[in-house]
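Colleague: structural data only, the sequence is not supplied:
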């Protein structure tokens, strides 16, 4: 039979990996795990690396210490999972949940399916069109950006579902969206074609990794900060390559 520390260690490592894969910051992870471990009269030390997380469990009298590790590969941003996981940590602390009940809750949260692809596709296209309007684009530019985003995001969903490298996906999607957005300028169908081109690829900006990296820097998680920042900057470079390639292909001046 497993001891309390074995059960808690296995649970907390799985919990930590799911929370990180869902897009949480290191500070949130430490707070949530520490809150639950304290409820079970344990001490948890967490080591967070770019591709795995390790949880060291110590008993109250510190005469036993065990290490548990879990992979954090294949991230999938999910604000719903982050909120549910954080709420669960408070339920454990406030209501004294045992490990078995917490494990059942974790399994249910891990089964949460992402939002429908068609709904996300439509919402992302509307949001990017709104960005175009926010930056001064006319309604023609907004419509062009909506179509460019719809096509680019559809290709992104399709390629990612088939296992393509994210960097290649960003280049191709930015290329397709920028080429479609250049129609506003080539056919002179609007008064703000430059805004349409500039905002057509904003849906690809990796905002969450950038924000999380700054949060990790503030909390002195420098390894995660450099990892997330590097990933975000590489994706921004891929986005820029696709955008420039699209403008060059359509013979649209950059300056």
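Modeller: Good, I have the coordinates. Here the structure is a predicted model, which means the values were calculated and not measured.
Colleague: mind listing what's buried in stretch 187-205?
Modeller: Buried positions in stretch 187-205, judged by neighbour count with 16 or more other C-beta atoms under 10 Å: 190, 192-204. Bear in mind the C-beta positions are built from the backbone N, C-alpha and C, glycine included.
Colleague: same question for stretch 216-230.
Modeller: 216, 221, 224, 225, 227, 228, 229.
Colleague: now do the SS call for residue 46.
Modeller: strand (DSSP: H, G, I helix; E, B strand; the rest coil).
Colleague: for it, give the beta-bridge partners.
Modeller: residue 55 (DSSP bridges).
Colleague: which residues touch the closest residue to residue 47 other than its chain neighbours?
Modeller: Closest residue to residue 47 apart from its sequence neighbours, by C-beta to C-beta, 6 or more residues apart in numbering: residue 54 at 4.3 Å. Residues in contact with residue 54 (C-beta atoms under 8 Å, 6 or more residues apart in numbering) are 13, 46, 47, 67, 68, 69, 70.
Colleague: and these, which of them are buried?
Modeller: Listed as buried from the contacts of residue 54 are 13, 46, 68, 70; burial here means 16+ other C-beta under 10 Å.
Colleague: sitting in strands, which of those do you find?
Modeller: Using DSSP state E, the subset of the buried ones among the contacts of residue 54 located in strands is 46, 68, 70.
Colleague: out of these, who's nearest residue 163?
Modeller: Checking these against residue 163 by C-beta to C-beta gives residue 70 as the nearest, at 22.1 Å.
Colleague: measure the closest one to residue 20 for me?
Modeller: 9 Å (C-beta to C-beta, to the nearest Å).
Colleague: which neighbours do the two share?
Modeller: residue 53.
Colleague: show the model's pLDDT score for the residue nearest to residue 200 when sequence neighbours are not counted.
Modeller: Take residue 200 and drop its neighbours on the chain: the residue closest to it by C-beta to C-beta, 6+ apart is residue 181, 3.5 Å away. Residue 181 carries a pLDDT value of 90.
Colleague: same question for residue 63.
Modeller: 65.
Colleague: equivalent analysis for residue 254, please.
Modeller: Model confidence at residue 254 (pLDDT) stands at 55.
Colleague: please apply the same query to residue 99.
Modeller: 88.
Colleague: just residue 24 next, same as before
Modeller: 89.
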